[in-house]
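**Student:** Quick one, what's the 3D model for this:
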Amino acid sequence: MGFSVNLSVVRCLAIPEDRTRISESLRPFIFVIMKKVFTLIVLCVFSLCTIHAEITWNLSDDGTLTISGTDMPDYNYSSSTPWYSQRYRINKVIIENGVTNIGNCAFEYCENITSVIIGNSVTRVGKEAFYGCYNLKKITIGKSIESIEKDAFRECYNIQSIIINNPEPPACKGLSTFACPKSGYVRDQYDVYTYATIHVPMGSKEAYSSAHEWRYFNKIKEDMEIDGKVYYAKLAVKQGTTGYTEQAVKADETYTIYIGALGNSKINAVTFNGEDVTDKVKDGYYTTPAIKAKSVLSISYEDINTTNVKEISNPDLKVTGNEGEISITGVEQPTNVEVYTTDGKLVETRGSVYGETNIQVKEDNLYLVKVGKRAIKIAM
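**Tutor:** Numbers count the residues shown, from 1 in each chain. Prediction:
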């Protein structure tokens, strides 16, 4: 039956009935059609092989979607993303280091996402990338981010915290980057610009406060450390003559500090984070190692008016302090030790100390330590 149907079609086309002649007459048409079909197949295969060839993704049982690779493509619709069918299972997105781009519409309407971590290699967040992620609360953005496209986080009503590791504000393409337009079902508490807190590296608040889009956020907070990356650290200097000072300094840098003696005093001992560095003081200056975290430089001074310069007992005597403990070392012969506050109140006395001893005291105070006839001031 099938053959007779084919013949009737052929007769209607007025093509000769001879099968060989039919084949020969149709060969050009068949060749053209097959060529087009083959080209279409090649394009389809090529497209399928490259559209996600530069990224890989994995969705764990706990709902964490991890993206790795290099360049994520832009998507015309969220339904064209490879994880679209699993979107309701996703509650956390991690873009690993190596990925440089988050494509348009990549996570649009993934409504159950609560947190997003964007790696340090990402330079761009595409248009509508997280549009309509209603339950998104926390966003962490790496240090290389340069641009966040239009509507990237639009209608993410529940954002509470945006942590940005780049001290330079990334460009926001359009006023709607974080917009949550009010409507019948969107109340005032969903105004991201009012209620979300932007965490930026120390020293960059002014830049964000004047940058397009970012300046609309009411809460911009400078952090010394953001997600494990230290931008600034506190350096405390405790001097036996002037007391305690503390300031924020840039991390991973060294600092040279003048700690020369004042008045009728001389340096007794210098410690940095509890380590004796007295021999590293040159002409009254000490240069710290690169500051990695909160650090303490402590200097004790000896009152030279109470010291007999012709005959000094215990020449290796050192008085240092660290974390609420005064350490007295280098006592070469049994000697009485007394610790006083600067207003003359006796804190502790120990008789016949030999070698070394440690005395617990309260922090944030100046103390006078008497070792025999020698008097040394130290700040705790």
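**Student:** which ones are touching the nearest residue to residue 245 once chain neighbours are set aside?
**Tutor:** Closest residue in space to residue 245, ignoring its immediate chain neighbours: residue 237 at 5.1 Å, by CB to CB, 6 or more residues apart in numbering. Where C-beta positions appear, they are placed from N, C-alpha and C, glycine not excepted. By CB atoms under 8 Å, 6 or more residues apart in numbering, residue 237 lies in contact with 244, 245, 246, 257, 259, 296, 297, 298, 299.
**Student:** Which one (most neighbours) among those residues?
**Tutor:** Greatest neighbour count in the contacts of residue 237, by other CB atoms under 10 Å, goes to residue 299: 27 neighbours.
**Student:** Which strands or helices does whichever strand or helix holds that one pack on?
**Tutor:** Assigned by DSSP states H and E, residue 299 belongs to strand 295-303. Under the contact definition 3 or more CB pairs under 8 Å, 6 or more residues apart in numbering; DSSP states H and E, strand 295-303 sits against strand 232-239, strand 265-272, strand 318-322, strand 374-379.
**Student:** now that strand and strand 265-272, what's the angle there?
**Tutor:** Per axes from the mean of the first three to the mean of the last three CA atoms, to 10 degrees, the angle that strand 295-303 makes with strand 265-272 is 160 degrees.
**Student:** pLDDT (mean, whole number) over strand 295-303?
**Tutor:** Average pLDDT, strand 295-303: 90.
**Student:** I'd like the distance from that strand to the chain centre, please.
**Tutor:** In terms of CA atoms, centre = their mean, to the nearest Å, the centre of strand 295-303 is set 34 Å apart from its chain centre.
**Student:** List of residues touching it?
**Tutor:** 233-241, 257, 259, 261-262, 264-274, 286, 288, 318-322, 369, 374-379.
**Student:** Enumerate the positions of the longest strand along the chain that are buried.
**Tutor:** Longest strand of the chain, by residue count under DSSP state E: strand 325-341. Neighbour counts over strand 325-341 (16 or more other CB atoms under 10 Å) mark 326, 327, 328, 329, 331, 335, 337, 338, 339, 340 as buried.
**Student:** Residue 99: which of these is nearest?
**Tutor:** residue 327 (50.9 Å; CB to CB).
**Student:** before we move on, the earlier item: in CSV, list the contacts of residue 237 along with distance to residue 122.
**Tutor:** Shown next, in CSV, are the contacts of residue 237 (distance: CB to CB, whole Å):
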residue, distance to residue 122
244, 42
245, 40
246, 35
257, 39
259, 44
296, 37
297, 38
298, 43
299, 45
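**Student:** which of these lies closest to residue 166?
**Tutor:** Of those, the one sitting nearest to residue 166 (CB to CB) turns out to be residue 246, at 27.0 Å.
**Student:** ok so that closest one is a strand residue?
**Tutor:** Yes: counting by DSSP: H, G, I helix; E, B strand; the rest coil, residue 246 is part of a strand.
**Student:** Give me the nearest residue to it, chain neighbours excluded.
**Tutor:** With CB to CB, 6+ apart, the residue lying closest to residue 246 is residue 236, at 4.4 Å.
**Student:** again, but for residue 248
**Tutor:** Closest residue to residue 248 apart from its sequence neighbours, by CB to CB, 6+ apart: residue 232 at 4.6 Å.
**Student:** Just to check, residue 59 is in contact with residue 88?
**Tutor:** No: contact criterion CB atoms under 8 Å: residue 59 and residue 88 do not qualify, at 11.1 Å.
**Student:** Between the two, which is the more surrounded one?
**Tutor:** Using other CB under 10 Å as the criterion, residue 59 and residue 88 rank with residue 59 on top: 14 against 11.
**Student:** Quick check: beta-bridge partners of that one?
**Tutor:** Assessed by DSSP bridges, residue 59 has beta-bridge partners residue 65.
**Student:** For residue 153, see how far away it is.
**Tutor:** Remark: distance between residue 59 and residue 153 (CB to CB, to the nearest Å) = 22 Å.
**Student:** How about residue 271?
**Tutor:** Distance of residue 271 to residue 153, computed by CB to CB: 48 Å.
**Student:** what's the answer for residue 295, then?
**Tutor:** Per CB to CB, residue 295 is found 38 Å from residue 153.
**Student:** Then residue 332?
**Tutor:** Between residue 332 and residue 153 the computed distance is 69 Å (CB to CB).
**Student:** which intervals of the stretch 151-300 of the chain have sub-threshold pLDDT?
**Tutor:** Counting by pLDDT under 70, the stretch 151-300 of the chain shows low-confidence ranges at 174-175, 181-190, 225-229, 262.
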